[in-house]
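Peer 1: after the sequence you'll find the predicted model.
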Amino acid sequence: MRFPLDLDYIHASRYGAETRGASIDWRVAPPASVRGRAVLVLDDILDGGDTMAAIRERLLALGAASFACAVLVEKKLARPKPMRADFVGLSIEDRFVFGCGMDAKGYWRNLPEIRAMREP
């Protein structure tokens, strides 16, 4: 990107070491420096959309001028999501996936490909 930008890090998770989401754990909250700024959040996956919706809500509450998100993977779900990604690399069926930064019970983030858990 050939324009001035600032990079920062936030960390919100609903999964932890589990394969089902729970309440949101804010490990690193968004900074107040987003006030008046256009914010683009990059994430590995948009699953049900609850975590990203909470991130959007928190950033806008802190005064971000605008919010957009880009994800490597977005799951296609039968139920409606509270939000959609603005930019999507790959759309997949509703399977638990790991690799390329996504973990399975805390492991396999380091895989250079995306794999799906076996169906029970």
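Peer 2: The structure has been received and is ready for your questions.
Peer 1: where does the nearest residue to C69 once chain neighbours are set aside sit: helix, strand or coil?
Peer 2: Nearest residue to C69 in three dimensions, chain neighbours excluded: V41, at 4.5 Å (Cβ to Cβ, 6 or more residues apart in numbering). The C-beta positions use only the backbone N, C-alpha and C, and glycine is treated the same way. With DSSP: H, G, I helix; E, B strand; the rest coil as the basis, V41 sits in strand.
Peer 1: ok, V41 - how many residues close by?
Peer 2: As a burial measure, V41 scores 19 neighbours (other Cβ atoms under 10 Å).
Peer 1: list the contacts of it.
Peer 2: Listed by Cβ atoms under 8 Å, 6 or more residues apart in numbering, the contact set of V41 reads I10, M52, I55, R56, L59, F67, A68, C69, A70.
Peer 1: and the helices in the protein?
Peer 2: Taking DSSP state H as the criterion, the chain carries its helices at 50-61.
Peer 1: spatially central, which residue of it would that be?
Peer 2: Nearest to the mean C-alpha position of the chain, by Cα atoms, centre = their mean, lies D43 at 3.9 Å.
Peer 1: need the per-residue pLDDT for the nearest residue to that residue once chain neighbours are set aside.
Peer 2: Distances taken as Cβ to Cβ, 6+ apart put V71 closest to D43, at 5.0 Å, once the chain neighbours are dropped. Note on V71: pLDDT of 97.
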